[in-house]
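In: following is a predicted model, sequence given first.
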Amino acid sequence: MKTLLLLITVFLSLGTIFTATNLAFSQEMQPGQENIQFIPVVPTEKSSVTALIQVFSLDIYCTNYTIDHVLSGHVLVMNVKTKTIPGGKCPMPAESYVSLRQGIGQLGFGTYDVKLFINGTQKAAIKLYVSQGQIEITATGKYTDKQGDAHIVGDVKNTASYPVRLVQIDVSFVNGDEVVADKKLYTTMAVLMPQTSSGFDLLVDSKNLSNMKYFVRADSFLKDTSKIQQGLKLSTESSWQSSSGIGMVSGIVLNAANINASQVKVVCVLYDQTGTGVLDSIFEYTNPSSIASGQSSDFVLSSHYPITSQFTPNCNAESPQLAILSTETVPEFAMPVIVFVASLTFMILIKKSLQIVNNP
């Protein structure tokens, strides 16, 4: 444990803070217990932090509760209090627990002791690490591919006011109290514009490490001074699961710049239905991969393995010539609504035309 704590102190002092889905850094929601976790899992001083609280209570299920937080130095206390439901009992919830959200805002650099109280009784305690660096670890996860190999995946965000490139991620594997292995990789996106993110996918090449606990940190990056032009507009239009369970994401990338773009790459991180865990990190080139000025190109991405639950994609795009200008997610009901409105308008016009014919 002393070795691990020493590493924590070093990472904090370097400003390249780490996160984990395990050990003292564990933020996984475990069924059957009241718990608390944070998004992002490792914020920077510029990140907006949100607490996610898992509570078992019929009163909570009926939204008859209050929630607040008190910050005193580096101690953060979350208080949840239930109220008596007037006029009857709360119906049985569909799930055995409910998840609550509480905005915390920005926090200063350092380690925070977080305590969760439900009706005055402490139910959970964890630590939250806030980095002095510019790269936040938004969320992480793990999956097993078709060959039976484990992958560590995640989403990282540039919270700086300037572009960064060559963001290197360090994944450390822990056995008991000792760090037994370190693996390094770069984010899938080469350049991250301010307030944009990229996924990463680490193949765990050793079976001995695949079941070990791990933590992730942003190891290094370079400030991009090339003044890359922004011009790619990405629209995520649809996400679904194929008959075999493979997660699919489709959309369009528009080149809004005055120059052509080649090798346009789309990177998507697939989040679980809670929005707190990463299921997969995928990328593909648009079809066609080159987009002339003022033109657009489609993309379709698929997950590395069957996904058994609902997911939400978070996508970004880049090319050697252009960076992302904007991203949006088009509601999947938008097109049917437009068609319906157009059909309704057409029917009204036909009806009015018939009235004119019958009443000259």
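Out: Thanks, I have the structure now. Everything numeric in this text was worked out from a predicted model, so none of it was measured.

In: and the helices in the stretch 51-200 of the chain?
Out: Ranges of helices within the stretch 51-200 of the chain are 58-61, based on DSSP state H, counting those that start in this stretch.

In: so where's it uncertain?
Out: Within the stretch 51-200 of the chain, the stretches with pLDDT under 70 are 58-59, 84-96.

In: what sits against residue 192?
Out: By C-beta atoms under 8 Å, 6 or more residues apart in numbering, the contact set of residue 192 is 156, 157, 158, 163, 164, 165, 167, 198. Any C-beta I mention is one placed from the backbone N, CA and C, and that applies to glycine too.

In: next, count neighbours for the second one.
Out: Neighbours of residue 157 under the rule other C-beta atoms under 10 Å: 25.

In: show me the beta-bridge partners of it.
Out: Residue 157 has the following beta-bridge partners by DSSP bridges: residue 136, residue 197.

In: correct me, but it touches residue 138?
Out: Yes. Using C-beta atoms under 8 Å, residue 157 is in contact with residue 138, at 5.3 Å.

In: find residues that contact each of those two.
Out: In terms of C-beta under 8 Å, 6+ apart, residue 157 and residue 138 are both contacted by the residues 40, 197.

In: specify the beta-bridge partners of the closest residue to residue 204 other than its chain neighbours.
Out: Spatial nearest neighbour of residue 204, chain neighbours left out: residue 150 (4.3 Å); criterion: C-beta to C-beta, 6 or more residues apart in numbering. As for beta bridges, residue 150 partners with residue 144 under DSSP bridges.

In: now residue 209: which helix or strand?
Out: Using DSSP states H and E, residue 209 is not contained in any helix or strand.

In: could you measure from the residue nearest to residue 204 over to residue 209?
Out: For residue 150, the distance to residue 209 equals 8 Å [C-beta to C-beta, to the nearest Å].

In: repeat for residue 296
Out: Counting by C-beta to C-beta, the gap from residue 296 to residue 209 is 42 Å.

In: again, but for residue 39
Out: Distance of residue 39 to residue 209, computed by C-beta to C-beta: 26 Å.

In: same deal with residue 200?
Out: Counting by C-beta to C-beta, the gap from residue 200 to residue 209 is 17 Å.

In: which one of these two has more residues nearby?
Out: Counted by other C-beta under 10 Å, residue 200 and residue 209 do not tie: residue 200 has more neighbours, with 26 against 18.

In: how is the protein carved up into domains?
Out: The chain breaks down into these domains under automatic domain parsing: 2-130, 135-223, 229-329.

In: thought residue 184 was touching residue 166?
Out: No. The pair residue 184 / residue 166 is not scored as a contact, 11.6 Å apart, by C-beta under 8 Å.

In: can you say which helix or strand has residue 250 in it?
Out: strand 246-255.

In: should've said residue 38
Out: strand 35-39.
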